[in-house]
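> Sequence plus predicted model, see below.
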Amino acid sequence: MPMLRSVFLVQAIIVIAVSTLITGCANISQPAPQYDPDKTHRFTIVHTNDHHGRFWRNNKNEWGMAARKTLVDAIRDEVQSKGGHVLLLSGGDINTGVPESDIQKAVPDFKGMNLLGYDAMAVGNHEFDNPLKTIRMQQSVANFPFLSANIYAQDSGKRLFDAFKLFNFEGVRVAVMGLTTEDTVKFVSAENRNNVDFRSPIEEAKKLVPELKAQSDILIATTHMGHYANGLHKINAPGDVTLARKVSGIDLIVGGHSQSLLSKPDRQNGTWIVQAQDWGRYVGRADFEFKGGELTLVDYRLIPVNHAGSKVTLAENREMLALLSPFREKGKKLLGQKIGHVDQHLQGERSVVRFGYTNLGVLMAKAQQERVSADFGVINSGGIRASIAPGDITYRDVLMVQPFGNNVGYIDLTGKEVINYLKTVALMPTNTGAFAHFSDITMTITGDSISRIAINGEPLESSKTYRMAINNFSAAGGDGYPNLVETGNYVNTGLVDAEVLKAYIKQHSPIKANDYKPETVTRL
C-alpha cells in the first residue's frame, strides 16, 4: 500500500484544485429528489481516450493496461473507502494503431477494459475502421455500453448505438450520453459507413439534453469530438467547446479525438471539459461533491502512467498480464517476420507528416504507384501512422505505418483534370490528415496557386492522359478530397495498402532512404 499511496504524490502529477460550482439547469418538471439533500455525495470520474490498441506497454516499459489497472484500482479503493463512487469512462477510439491489436480486432483491448471496469465509452471514428459486424462483435465482448446518440441507420432512421446510460448512486441519478464527431464520414472508407448516417452531435444533444435533465441529477457527456481552444475548429467539425457553448446543462464533458493534453479542465458555459491525451499515457481523475442539487469540482488531476524517467513506477497488475500475455505472444508470432532493411530513419510521425513532406510519404506513394503502373502517387498524411527505424523492417513495422486496411486503386486523368485535382489536394492545410504527400510529381505552390507541374520530370500536358495511384479512402472523398469514385472511372484493385507496401519493401530491399527525399513540391 505505501507504493500505491506514493502514486498520488508523484511530482509529475498535474494537479489543479478547483472550488467552482457546476450547476445544472433546473427543470421544474423534475420529480422530488431521491437523494438526501443534506448529505454530501462524493463522485470520482476516471477517464481515458484514444487508446488506439495500446493494450501492452511500449518498448520503454511505458503505459499499458496492466499498469493502468494498478492505478485505477488504487483510485477506486481510495474513493470507495471514503464512501464515494467511481465511474470509469472512455472517450473512444479503442481501435487502430498497434498491429498486435489490429490483427486481433481489438479483442484484447476490450477484454482488458472489462477487467479495468469501464462503465461506458463513446464510439470513436476509428471504431469504423472496421465494418459494423466487427463493431457488433466487439460490443459482444465488452461488458459496458458503446454510446453514441448521433449515429443512425440510414434505412430505418434508428440509432445504431445506445444514446445514454443511467447510473444511480444512493439516489443521485447520473446520466452519461455519448456523441461522435460527424467528421467520421470523412475519416473512414465508404464500405464501412454503408447505411450509416453520422448526424450533427450538437443538434442531437440539443434534443436529448432536456430529456436527460428530467431523468438525472448529474449529466455527463462522453464524446469523441475533439477539444479546439476557444471553439476554433478550422476545417474540423465542431468539438467539445462548441458543444458546451451551444447546449446548456451538461455538467462534464469527457472528451477524445483531438488527443489533447488538458492538464487543466476547460470551463465553457458552466460545463467542465477534460481530455487525457491518448494511448493510456495518462489517467484523468475528477473528484466531485454533490449536495443539495449542486455539483462541485473539488480536484482534478492528470496522472501519468509509467512515463520514462518517472521516479515512481506502477507495478503491472498480474491478473491483467495473465489476460493479455497470450494475445501479445500470438501477435508477436504473426508480426515478427523480417521483410526488408532500411539504412536510415523513414519519417512518419504525426507531428511531422501533417506539416511537411517526408521520405516515408514519398516511399508509400511510390509503392502504390508502382503496383498499379501509375505515373504518380498521392497519399494523405492521415494514412501515415508511424515511422520506420533504421535496420531490419518487420511486418509489424508496416502495419504500424498503415493500420487501416485501405485498398490501393487508380484513376486515369487528363492533364487538365490533374491540375484541377491538385488545386484541391495540394493546397490542403497543414495540421490535418488531409495534408498530401506525392511521388514522381513536382510543382510550385505560391499562396493558393499551383504552377510548374511536372510528372516524371516532364512538364504536364493538359491533353495527355496520366494515371494517378490513390487509395480508396481518399478516392471516395475521405479527408475532404474530391470524390473520384462518383466519376465511375476509379478502379479499386482490392489490394490492401499494407500488403502493397510490404511487397515493395521486399522487392527493393535494402531501402536507401535518400532515394525518397521529398523534393517534389516547392512552396514559395
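Okay, I see it.
> my guess is Asn95 meets His126, correct?
Yes - Asn95 lies in contact with His126 (CB atoms under 8 Å); the separation is 4.8 Å. Where you see a C-beta, it was placed from the backbone N, CA and C, and this is true even at glycine.
> any residues in contact with both of those two?
His52 (CB atoms under 8 Å, 6 or more residues apart in numbering).
> domain parsing for this protein?
Per automatic domain parsing, the structural domains of the chain span 2-330, 337-523.
> Include mean neighbour count and mean pLDDT when you put those into a markdown table, please.
Below are the domains of the chain laid out as a markdown table (neighbours: other CB atoms under 10 Å; pLDDT from 0 to 100):
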| stretch | mean neighbour count | mean pLDDT |
| --- | --- | --- |
| domain 2-330 | 19 | 91 |
| domain 337-523 | 19 | 93 |
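> what about the helices in the stretch 251-400 of the chain?
318-335, 350-353, 359-371, 395-401 (DSSP state H, counting those that start in this stretch).
> Pull the residues that contact the last one.
When you say that, I think you mean helix 395-401. So helix 395-401 is contacted by 97-100, 102-103, 334-337, 339, 348, 360, 364, 384-389, 498, 501-502, 505 (CB under 8 Å, 6+ apart).
> After that helix, which helix or strand is next?
Next in sequence after helix 395-401, counting helices and strands by DSSP states H and E, comes strand 407-414.
> and that next one, what does it pack onto?
Applying 3 or more CB pairs under 8 Å, 6 or more residues apart in numbering; DSSP states H and E, we find strand 407-414 packed against strand 465-471, helix 472-475, strand 491-496, helix 497-508.
> closest to Gly171 out of those?
The closest of these to Gly171 is helix 472-475. By CB to CB, the value is 48.6 Å.
> Check what contacts stretch 362-376 and list those residues.
346, 377-379, 383-384, 401-402, 408-410, 437-441, 455-456, 466-471, 491, 493, 495, 497, 500-501, 503-505, 511, 516-518, 520.
> mind saving the C-alpha coords of it as CSV?
Written as CSV, here are the backbone C-alpha positions of stretch 362-376 (Å, rounded to 0.1, in the frame of the first residue of the first chain):
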residue,chain,number,x,y,z
VAL,A,362,7.2,9.5,-50.8
LEU,A,363,8.0,5.8,-50.4
MET,A,364,4.4,4.9,-49.6
ALA,A,365,3.1,6.9,-52.5
LYS,A,366,5.7,5.3,-54.7
ALA,A,367,4.8,1.8,-53.6
GLN,A,368,1.2,2.3,-54.6
GLN,A,369,2.2,4.0,-57.8
GLU,A,370,4.5,1.1,-58.9
ARG,A,371,1.9,-1.6,-58.0
VAL,A,372,-0.8,-0.1,-60.4
SER,A,373,1.7,1.1,-63.0
ALA,A,374,0.7,4.8,-62.4
ASP,A,375,2.6,7.9,-63.4
PHE,A,376,2.4,9.4,-60.0
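> Report the distance from it to the chain centre.
27 Å (CA atoms, centre = their mean, to the nearest Å).
> now do stretch 384-401
Worked out by CA atoms, centre = their mean, stretch 384-401 lies 20 Å from the chain centre.
> For it, what is the spacing between the initial and final residues?
This stretch, stretch 384-401, spans 6 Å end to end (CA to CA, to the nearest Å).
> Ok, stretch 480-492 next?
One end of stretch 480-492 to the other measures 19 Å (CA to CA).
> what's the answer for stretch 466-476, then?
End-to-end distance of stretch 466-476 (CA to CA): 19 Å.
> Contacts made by that stretch with the rest, please.
Under the criterion CB under 8 Å, 6+ apart, residues 188-190, 365, 368-369, 371-380, 383, 404, 406-415, 418, 421, 455, 460, 479, 481, 483-485, 490, 492, 497 lie in contact with stretch 466-476.
> Show me the one of the helices of the stretch 251-400 of the chain that comes nearest Asn58.
Closest to Asn58 of the helices of the stretch 251-400 of the chain is helix 395-401 (CB to CB; 11.5 Å).
> Select, out of the helices and strands packed on strand 407-414, the one closest to Gly53.
Checking the helices and strands packed on strand 407-414 against Gly53 by CB to CB gives helix 497-508 as the closest, at 14.5 Å.
> sorry, back to before: and of the helices and strands packed on strand 407-414, who's closest to Ala120?
Here helix 472-475 is closest among these (CB to CB), at 29.0 Å.
> And that closest one, how far out from the chain middle?
The answer for helix 472-475 is 19 Å, by CA atoms, centre = their mean.
> ends of stretch 152-167, how far apart?
24 Å.
> what does stretch 347-357 give?
Using CA to CA, first and last residues of stretch 347-357 are 9 Å apart.
> and what of stretch 341-358?
With CA to CA, one end of stretch 341-358 sits 18 Å from the other.
> Contacts for it, please.
Under CB under 8 Å, 6+ apart, the answer for stretch 341-358 is 359-361, 363, 381-382, 384-393, 401, 430-433, 435, 437-438, 505, 509-514, 516, 518, 520-521.
> Chain neighbours aside, what residue packs nearest to His257?
Take His257 and drop its neighbours on the chain: the residue closest to it by CB to CB, 6 or more residues apart in numbering is Gly226, 4.1 Å away.
> Could you tell me how far that neighbour is located from Ser248?
Distance, Gly226 to Ser248, by CB to CB, to the nearest Å: 20 Å.
> and what of Asp102?
40 Å.
> so what's the backbone phi/psi at the closest residue to Ala286 other than its chain neighbours?
Closest residue to Ala286 apart from its sequence neighbours, by CB to CB, 6+ apart: Ile45 at 4.5 Å. With angles defined as degrees, to the nearest 10, Ile45 sits at phi -100, psi 120.
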